[in-house]
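K.L.:
got a sequence here, can you build the structure:
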Amino acid sequence: MFQKSHAKMEAIVPVSRGRDTALNPRLHRIVVVGGGAGGLELATRLGDYANRGDNAKVVLVDRSATHLWKPLLHEVAAGSMDANAHQLDYVAQARWHHFEFQQGDLIDLDRASKVIRISAVSDQDGTEILPMREIPYDTLVLAIGSVTNFFGVPGAAEHAMAVDTVQQAEQFRRRLIAACMRTQNRLADLGTAPRPTVDIAIVGGGATGVELSAELRGTAQTLGAYGLHHLHPTRDIRITIIEAGPRILPPLPERIATETARLLNKLDITILAGEKVSEVRPDAVLTASGKRIPSTLTVWAGGIRVGEILERVGLPVNKLGQVIVSETLQTIVDPDIFALGDCASCPWPEQGKSVPPRAQAAHQQASFLYGALCRRLQHKPLRTFHFQDHGSLVSLGRFDTLGNLMGKVIGRSMRVEGILARFLYISLYRMHLMALHGFMRMALDTLAQWLRQKTAPRVKLH
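P.N.:
Residues are numbered from 1 along each chain as shown. The predicted structure is shown next:
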């Protein structure tokens, strides 16, 4: 652990603070680490709340300079969405909503001194542009999200790609386009034998793997319009989902999984269920049953974990690295530290298990913590968080959308598909935008995106 006084810290790390705590020591310092869906929504609302009074200062910390709603990453990876058109600058959001943004990775936490340390930041040339900094807090909220869990499978980390970040999604898209162009050039030579193919293996049959497979098939069907005329969308671009469990989409009802599998089969997407991956090689995926699946590109979407930082700083975590919190979302060892989203193991007493790591859980927890921290600033007791499962939706791109709805409104689980399901799926992202910008700016953004789609290519090629 590091040991430095606050006075020394402030001397070596000048930070623009607005209503600085040095000038007003009564300001309660709320630091949110992680600018994902939940963390950014929370910082935005708390910043607006603090601006209406004089009793709080809000700081958001994230390793990246921009935000993109994580459920959109599979569309970026498939090239069907331009990330640049949907990313949000944290600095701009901070300016609009009265909080402070600090870029960097969380690298240490001193609970005794109530200070966090974040990493230095360098530009693309490796030149340091921001030094390592220390940020004091009165209340700390951890929302650092999760990363891909390779489960120690030999070769997985080296040869399979994850899509946890915009950079990873863009890297996969570039490799996909390059692989398709190489195969196109070989097919142009009629003497080539045997016929070359682009083989894409997706490890994991959860929502991410399923949605990515459908988006990739849509991309394959579109590439012919952009010069890859020799590339047949199904015969030359082969997509395989490898799932260790007995079926795809384990969290969803079996009837939804069965219907999704039927639709994927119609799209010539192969599903290998009950196949545990034993090794990933540069050109193939091997399973425990002895199968060898050829692979030009391998995507790993087989589970999540949280980085080791939370355990390293002495917080109690479960086997996935999630920090263990109570029903108030406070860590069980420190009432001044809260956690939400994928990095939190939050009890769900009604189901006898933990709240699942889904976008709707992060959104609900962010809304709950906004109210809880406002009550804390008013010295009122905290309430307990109760997760409401509203169901799940799976988008198969332009082919179909389906899922189930559940909750108090309808009183039971109800299957939805088609236009209604697509509308509900799109509305989830619009609700996120509305939480960040309000209704009017969300509506204008929706209109701008619709107009942009009329002039932009359906697949991002560069």
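K.L.:
so residue 76 is in which element?
P.N.:
helix 73-78 (DSSP states H and E).
K.L.:
pLDDT score for the nearest residue to residue 91 once chain neighbours are set aside?
P.N.:
Leaving aside its chain neighbours, residue 91 sits nearest to residue 101 (5.4 Å; criterion: Cβ to Cβ, 6 or more residues apart in numbering). C-beta here means a position set from N, CA and C on the backbone, and glycine is covered the same way. What the model reports as pLDDT for residue 101 is 98.
K.L.:
so which elements touch the helix or strand containing residue 101?
P.N.:
Per DSSP H and E: residue 101 is located in strand 100-103. Judged by 3 or more Cβ pairs under 8 Å, 6 or more residues apart in numbering; DSSP states H and E, strand 100-103 is in contact with strand 56-62, helix 90-97.
K.L.:
walk me through which strands the very next helix or strand once past that strand pairs with, and which way each runs.
P.N.:
For strand 100-103, the following helix or strand on the C-terminal side (DSSP H and E) is strand 106-110. Using DSSP bridges, the strands paired with strand 106-110 in its sheet are strand 115-118 (antiparallel).
K.L.:
any residues touching the strand it pairs with, and which ones?
P.N.:
Applying Cβ atoms under 8 Å, 6 or more residues apart in numbering, the contact partners of strand 115-118 are 2, 4, 6, 9, 31, 33, 61, 102, 104-110, 132-137, 140.
K.L.:
equivalent analysis for stretch 278-293, please.
P.N.:
Stretch 278-293 is touched from outside by 153-156, 158-160, 199, 201, 203, 240, 242, 272, 275-277, 294-296, 298, 300, with contacts defined as Cβ under 8 Å, 6+ apart.
K.L.:
among the residues you listed, which are in helices?
P.N.:
156, 158-159 (DSSP state H).
K.L.:
in ChimeraX, select just the buried ones from these.
P.N.:
To isolate the buried members of the ones in helices among the contacts of stretch 278-293 in ChimeraX, using 16 or more other Cβ atoms under 10 Å:
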select :156,159
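K.L.:
okay, now the domains of this protein?
P.N.:
Domain ranges of the chain: 6-146+306-377, 156-304, 391-455, per automatic domain parsing.
K.L.:
so which of those domains comes closest to residue 385?
P.N.:
domain 6-146+306-377 (4.8 Å; Cβ to Cβ).
K.L.:
quick one: distance of the closest one to the chain centre.
P.N.:
Relative to its chain's centre, domain 6-146+306-377 lies at 14 Å (Cα atoms, centre = their mean, to the nearest Å).
K.L.:
same check, this time on stretch 235-251
P.N.:
21 Å.
K.L.:
and the end-to-end length of that stretch?
P.N.:
Separation of the first and last residues of stretch 235-251 by Cα to Cα, to the nearest Å is 31 Å.
K.L.:
grab the nearest non-local neighbour of residue 386.
P.N.:
residue 350 (7.6 Å).
K.L.:
buried members of the contacts of stretch 278-293 into PyMOL, please.
P.N.:
Selection of buried members from the contacts of stretch 278-293 for PyMOL, criterion 16+ other Cβ under 10 Å:
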select buried, resi 153+155+156+159+160+199+201+203+240+242+272+275+277+295+296+298+300
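K.L.:
which ones among the contacts of stretch 278-293 are found in strands?
P.N.:
199, 201, 203, 240, 242, 272, 277, 294, 298, 300 (DSSP state E).
K.L.:
which two among those are spaced furthest apart?
P.N.:
Applying Cβ to Cβ across the ones in strands among the contacts of stretch 278-293, the maximum distance is between 294 and 300, 16.6 Å.
K.L.:
state the distance from the residue nearest the centre of the chain to residue 107.
P.N.:
Centroid-nearest residue in the chain, with Cα atoms, centre = their mean: residue 70, separated by 3.1 Å. Residue 70 is 22 Å from residue 107, where distance means Cβ to Cβ, to the nearest Å.
K.L.:
what sits against the residue lying closest to residue 391 once chain neighbours are set aside?
P.N.:
Excluding its sequence neighbours, the residue lying closest to residue 391 (Cβ to Cβ, 6+ apart) is residue 405, at 4.1 Å. Listed by Cβ under 8 Å, 6+ apart, the contact partners of residue 405 are 390-391, 413-414, 416, 424.
K.L.:
run through the bridge partners of residue 405.
P.N.:
Counting by DSSP bridges, the residues bridging with residue 405 are residue 391, residue 414.
K.L.:
how confident is the prediction for it, by pLDDT?
P.N.:
pLDDT, residue 405: 76.
K.L.:
same deal with the one 5 residues further on?
P.N.:
Looking at residue 410, its pLDDT stands at 49.
K.L.:
ditto for residue 424
P.N.:
84.
K.L.:
repeat that for residue 20.
P.N.:
Reported pLDDT for residue 20: 50.
K.L.:
next: the one 5 residues further on.
P.N.:
Looking at residue 25, its pLDDT is 60.
K.L.:
can I assume residue 276 is in contact with residue 243?
P.N.:
No: with contact defined as Cβ atoms under 8 Å, residue 276 does not reach residue 243; the gap is 9.3 Å.
K.L.:
show me how far the helix or strand where residue 183 lies is from its chain's centre.
P.N.:
Taking DSSP H and E as the criterion, residue 183 maps to helix 166-188. Centre-to-centre, helix 166-188 and its host chain are 23 Å apart (Cα atoms, centre = their mean).
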